[in-house]
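*Asks:* got a predicted model here, sequence first, then my questions.
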Amino acid sequence: MLQQTTVKAVTPYYRRFMAAFPTVEALAQADIEDVLKLWAGLGYYARARNLHACARAVVARGSFPDCEEELLQLPGIGPYTAAAIAAIAFDRKASPVDGNAERVIVRLFAVEQELPDAKPAIRELAADLYPARRPGDFAQAMMDLGATVCTPKAPACGACPFAGSCAALARGDAESFPRKKKKPERRLRRGVAFVAIRADGHVLVRRRAPNGLLGGMTEVPTTEWSSDFVPADAAADAPRFSAPPGRREAAVSASLKVSWRRVPGVINHVFTHFPLELVVLRARLPKSAVAPKGMYWIDRQSIASAALPSVMRKVVSHALGEQS
Ligand code: SF4
């Protein structure tokens, strides 16, 4: 939950999550939709899905593993998390390296290789450095040292216990470490979101595919999001509605004519790998309008508690706010 955010922002989410799922068993038995609802707004939704899958795996095996090799078998647990749990929770000899500890190690040994390519070499250096005695305390001390003393800018080397043996300090250019590869430019992606509003206020939504970006979350229908998107092509992706079943036989055509109108302004959202700009089109439909295949109507109150990611909340409130 704490990825890319603060304890203050996360605390209410954490409390609600723990109240709903107080044990591993409770989380394992929960519906993924309910887990995603309580995660909505935190981003990084793959974590919620992994946490849920992980709870199921732990319940299936009967206990929580206490060594790195077995922890690594669990969904969503990579080398850093496995090492951190083994060292901090079970006092096993392991050497977790978070971003802060990584900076300390890189400077201590003046690692010239660029990040992220240097990560395997840094893990090896950490394995030699971390002691067998109290590995969890050592790991946390390294993380805190990086966060408070060996800071990215202006490290306080005078207060550092490694000052006597630090290669970067000896060279006099500690702040120039770590070396980093230039990040590829994050290109803006564009798309169109369709907010269909029924006469009784219900909004048309669908569920995203279970994997990938915002996997399993609820959204209003949209076009693809791409950097070479042409707004004029959006019409082809607009949801198509049919007349209600009772009137179908009498209707000349089964399809309902819908007029999509652009809501002034755009929605901007920044994902980890790209910024997104969405144009919002809105349409009003009769209460009898039938939802297209794979989509469904949701009432206003349920929107508040649905597993709607932040970007979709922005889209819906933009469209609804414009309407009132
Ligand atoms: S001596 Fe300075 S650069 Fe080296 S680890 Fe300590 S704070 Fe970081």
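*Replies:* Yep, it's here.
*Asks:* what domains does the record give for the protein?
*Replies:* The chain breaks down into these domains under automatic domain parsing: 1-64, 92-182, 189-323.
*Asks:* mean pLDDT lowest for which of the ones you listed?
*Replies:* Among the domains of the chain, domain 189-323 has the lowest mean pLDDT, at a mean of 86.
*Asks:* what does the stretch 1-150 of the chain have sitting close to the ligand?
*Replies:* 104, 107-108, 149-150 (Cβ under 6 Å from any ligand atom). In this view, the C-beta of every residue, glycine as well, is placed from N, C-alpha and C.
*Asks:* now flag whichever of these is closest to Leu115.
*Replies:* Arg107 (12.5 Å; Cβ to Cβ).
*Asks:* still on that earlier bit, from the residues of the stretch 1-150 of the chain next to the ligand, which land in helices?
*Replies:* Applying DSSP state H to those, the entries found in helices are 104, 107-108.
*Asks:* output those in CSV; the columns should cover neighbour count.
*Replies:* Formatted as CSV, these follow (neighbours: other Cβ atoms under 10 Å):
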residue, neighbour count
Val104, 27
Arg107, 26
Leu108, 21
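*Asks:* which one of the residues you listed is nearest Tyr45?
*Replies:* Val104 (31.5 Å).
*Asks:* can you give me the helices for the stretch 101-250 of the chain?
*Replies:* 119-129, 135-148, 167-171, 245-248 (DSSP state H, counting those that start in this stretch).
*Asks:* which one of those helices is the most hemmed in?
*Replies:* helix 135-148 (a mean of 18; mean count of other Cβ atoms under 10 Å).
*Asks:* only the C-alpha atoms, please, for whichever strand or helix holds Ser302, written as CSV.
*Replies:* Remark: Ser302 resides in helix 300-305, with elements defined by DSSP states H and E. What follows is helix 300-305 as a C-alpha-only set of coordinates in CSV (Å, rounded to 0.1, in the frame of the first residue of the first chain):
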residue,chain,number,x,y,z
ARG,A,300,-24.7,6.7,-8.6
GLN,A,301,-24.4,5.4,-5.0
SER,A,302,-22.7,2.2,-6.1
ILE,A,303,-20.1,4.2,-8.1
ALA,A,304,-18.7,5.5,-4.8
SER,A,305,-18.0,2.0,-3.5
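*Asks:* for it, buried residues please.
*Replies:* Neighbour-count burial for helix 300-305 flags Ile303 (criterion: 16 or more other Cβ atoms under 10 Å).
*Asks:* other residues contacting it?
*Replies:* 37, 201-203, 316, 320 (Cβ atoms under 8 Å, 6 or more residues apart in numbering).
*Asks:* relative to the whole chain's centre, how far out is it?
*Replies:* 21 Å (Cα atoms, centre = their mean, to the nearest Å).
*Asks:* neighbours of the residue of the stretch 201-324 of the chain found nearest the ligand, how many?
*Replies:* Nearest residue of the stretch 201-324 of the chain to the ligand, counting by Cβ to the nearest ligand atom: Thr272, 27.5 Å away. Using other Cβ atoms under 10 Å, the number of residues around Thr272 comes to 10.
*Asks:* and Pro286, by the same measure?
*Replies:* 12.
*Asks:* swap in Ala159?
*Replies:* Using other Cβ under 10 Å: Ala159 sits among 11 other residues.
*Asks:* so who does the residue nearest in space to the middle of the chain touch?
*Replies:* Closest residue to the average C-alpha location of the chain: Tyr44 at 0.8 Å, with Cα atoms, centre = their mean. Contacts for Tyr44 (Cβ under 8 Å, 6+ apart) come out as 3-4.
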